[in-house]
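1. sequence plus the predicted model coming up.
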Amino acid sequence: MALSKIAIATCVLAILAVAAGCPTPGGGSSTGEVAAATHRIAQRLSNNVNDSLQSLNANAADLSARLEEYDRQVRQLRLTVEDNQVRLDSVQQRLDELSATLYSQLNLTPPASAAPRGSADVWEDEIRITPPSQR
């Protein structure tokens, strides 16, 4: 798209150069001088576009590398979260087993809500001690 703008600008300048290049008495520019000036302008535009494209390509490569690094970090964090969830579930299961064993060994009645829970549940009941004679 940028090259087509340069081509259009060059064509417009060339048309203006040809139209303005007619020698007039009293020191008007020659067609050759106008053509040379137009060529210099086109060269400068081309160089500016090339520099801009190189800068854009460098920026795009940098952004692409950063995005890939962020993706890698997100994948690593996701794996860490999954690993921690497995560990948390294991700890929760061990805690439930330990609680059940403790209640059994101490002849205590576990709270009614002490049934197996999911990892997102919260146990808010207080521990109630029931003497063996009332069972």
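-> Everything's here; your move. Residues are numbered from 1 along each chain as shown.
2. run a quick neighbour tally on L108.
-> Applying other Cβ atoms under 10 Å, we find 16 other residues in the vicinity of L108. Yep, even glycine has a C-beta here, placed from its N, CA and C like the rest.
3. now it, what are its backbone angles?
-> With angles defined as degrees, to the nearest 10, L108 sits at phi -110, psi 150.
4. try L106
-> Listed backbone geometry of L106 is phi -90, psi 10, with angles given as degrees, to the nearest 10.
5. per-residue pLDDT, it?
-> Note for L106: predicted pLDDT of 89.
6. one more: L45?
-> With respect to pLDDT, L45 has a value of 86.
7. ok, the one 3 residues further on next?
-> In the prediction, the pLDDT value recorded for N48 is 85.
8. what about D83, how many residues nearby?
-> Using other Cβ under 10 Å, D83 has 10 neighbouring residues.
9. that one and D96, how far apart?
-> D83 is 21 Å from D96, where distance means Cβ to Cβ, to the nearest Å.
10. please apply the same query to N57.
-> Going from N57 to D96 by Cβ to Cβ gives 58 Å.
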